[in-house]
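A.B. asks: quick one: sequence and predicted model below, then my questions.
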Amino acid sequence: MSARSLRGYAVFAEMPLQPAMLWPWLTEPASLRRWYADTLELELRPGGRFTARDADGLAEAARVGLYEPARRLQLAFESADEWPEPACITEDWIIDVRPDRVVLRVLGEGVPLDAAWAPWLRRRQSRWTVQLARLKSLLR
């Protein structure tokens, strides 16, 4: 698949915590269960496993790619049953520190351009919008 046949997504939200305080909300299973998924396992190391399942039954499995404490977590997802075809989708959770604010960015890439992926992409972006709002609400 050529680079021209792929697309990505970006969702972000300002967060009311400094990176050191926000990071555990992105990496500790007990905290992730409060806003991301109902069941979750995470091995925080490059090559470590990430598995999650939400109340709707949506399951995800990934490998940790990059792991930069208090800065970035990258996940390389394994193909899932609801995917139209196998793909190499990665997602970066990045804490972006600006002089006047902290922004959590979720950047996904590797989504095939094929029209069959459009519903998946809309669901993923919508889900992240809701999840980031939930997280921000918990942190207030």
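C.D. replies: Perfect, I can see it now. This is a predicted model, so every value here is computed, not measured.

A.B. asks: end to end, how far does stretch 18-35 reach?
C.D. replies: Its start and end residues considered, stretch 18-35 measures 18 Å (Cα to Cα, to the nearest Å).

A.B. asks: strands of this protein, start to end?
C.D. replies: 6-15, 39-42, 49-53, 59-68, 72-77, 90-98, 101-112 (DSSP state E).

A.B. asks: just put the ones you listed in JSON lines and tack on distance to Ala118 and mean neighbour count.
C.D. replies: All C-beta spots, glycine's among them, are computed from the backbone N, C-alpha and C. Listed next are those as JSON lines, based on distance: least, Cβ to Cβ, whole Å; neighbours: other Cβ atoms under 10 Å:
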{"stretch": "strand 6-15", "distance to Ala118": "10", "mean neighbour count": "16"}
{"stretch": "strand 39-42", "distance to Ala118": "27", "mean neighbour count": "16"}
{"stretch": "strand 49-53", "distance to Ala118": "23", "mean neighbour count": "17"}
{"stretch": "strand 59-68", "distance to Ala118": "19", "mean neighbour count": "16"}
{"stretch": "strand 72-77", "distance to Ala118": "18", "mean neighbour count": "19"}
{"stretch": "strand 90-98", "distance to Ala118": "18", "mean neighbour count": "16"}
{"stretch": "strand 101-112", "distance to Ala118": "9", "mean neighbour count": "17"}
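
A.B. asks: want to throw those strands into a markdown table with mean pLDDT?
C.D. replies: Listed next are these as a markdown table, based on pLDDT from 0 to 100:
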| stretch | mean pLDDT |
| --- | --- |
| strand 6-15 | 95 |
| strand 39-42 | 94 |
| strand 49-53 | 95 |
| strand 59-68 | 95 |
| strand 72-77 | 97 |
| strand 90-98 | 96 |
| strand 101-112 | 96 |
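
A.B. asks: got TSV for these, with distance to Ala133 too?
C.D. replies: Putting the strands of the chain into TSV (distance: least, Cβ to Cβ, whole Å) gives the following:
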stretch	distance to Ala133
strand 6-15	7
strand 39-42	19
strand 49-53	18
strand 59-68	19
strand 72-77	20
strand 90-98	16
strand 101-112	11
